[in-house]
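Colleague: Quick one, structure for this:
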Amino acid sequence: MSKTLNILIIEDSDENARLILQELQRPGRDPRKEFRYAHFKDDVKQITDLTKGMELEGVITNVTNFGAFVDVGVHHDGLVHVSQLADRFVADPKQVVRVGQVVRVRVLEVNEDLKRISLTMKGLSSKPRRQRKGPPKKQQPQKPPRDERTYTLEDLKSKFNNR
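Modeller: Numbering: from 1, shown residues only. Got it, this is the predicted structure:
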């Protein structure tokens, strides 16, 4: 069985034509990276099924300046506030998450009346942390312990007036 394909080649080169023909000879093969789906919990179908402290997997549906919205399998997306996106300071949420990314979240609060779900990603890494490149940091010399004595006002006056 032979098929006829109409192909529009935008940039003409022998290399492009060779790559296109090579890919067409392997039907059904998808050259893209493997796509990862979120695994929603079977027992979580509505906002009333959520409880504080519950850990879930979800998909980022929108990223804003104040945080990211996450679909956790109920009919309302939860919000991960920018302060809850990472264990470090985040100035721009777009540098930490992107739409379509699968993430792990923990439920902080559920308000059924307002249909609001507050989530956090702190302490729930979706991927292992990268190792630091380069030589190890030099350790800072330890500071001598502070003098923890209590001083009276007269002690301080006499100590600093003698200078």
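Colleague: doesn't residue 49 make contact with residue 75?
Modeller: No. Between residue 75 and residue 49 there is no contact under CB atoms under 8 Å: 11.1 Å. No exception for glycine: its C-beta is placed from N, CA and C like everyone else's.
Colleague: who has more neighbours, the two?
Modeller: The neighbour count for residue 75 versus residue 49, taken as other CB atoms under 10 Å, is higher for residue 49 (13 against 9).
Colleague: Could you report the pLDDT at that one?
Modeller: Listed pLDDT for residue 49 reads 93.
Colleague: Could you say which helix or strand holds residue 80?
Modeller: strand 78-81 (DSSP states H and E).
Colleague: Check which element follows that strand along the chain.
Modeller: Following strand 78-81 in sequence order, the next helix or strand is strand 102-111 (DSSP H and E).
Colleague: Could you spell out the sheet neighbours of that next one, each with its direction?
Modeller: According to DSSP bridges, strand 102-111 forms sheet pairs with strand 55-64 (antiparallel), strand 116-120 (antiparallel).
Colleague: Buried by neighbour count: which residues of the shortest one qualify?
Modeller: Spelled out, that is strand 116-120. For strand 116-120, burial by neighbour count (16 or more other CB atoms under 10 Å) applies to 117, 118, 119, 120.
Colleague: now, which of those sits nearest residue 101?
Modeller: In terms of CB to CB, no member of the buried residues of strand 116-120 lies closer to residue 101 than residue 119, at 13.8 Å.
Colleague: Can you tell me the closest non-neighbouring residue to residue 124?
Modeller: residue 104 (4.2 Å; CB to CB, 6 or more residues apart in numbering).
Colleague: Local confidence estimate at that neighbour?
Modeller: With respect to pLDDT, residue 104 has a value of 94.
Colleague: Isn't it up against residue 121?
Modeller: Yes. When contacts are counted by CB under 8 Å, residue 104 is listed as touching residue 121 (7.0 Å).
Colleague: Have a look at those two and say which one is more surrounded.
Modeller: With neighbours defined as other CB under 10 Å, residue 104 and residue 121 compare such that residue 121 has more, 24 against 17.
Colleague: Give me the pLDDT for the more buried one.
Modeller: So residue 121 comes in at 95 (pLDDT).
Colleague: What is the burial count for residue 122?
Modeller: Other residues near residue 122 come to 15 when the count uses other CB under 10 Å.
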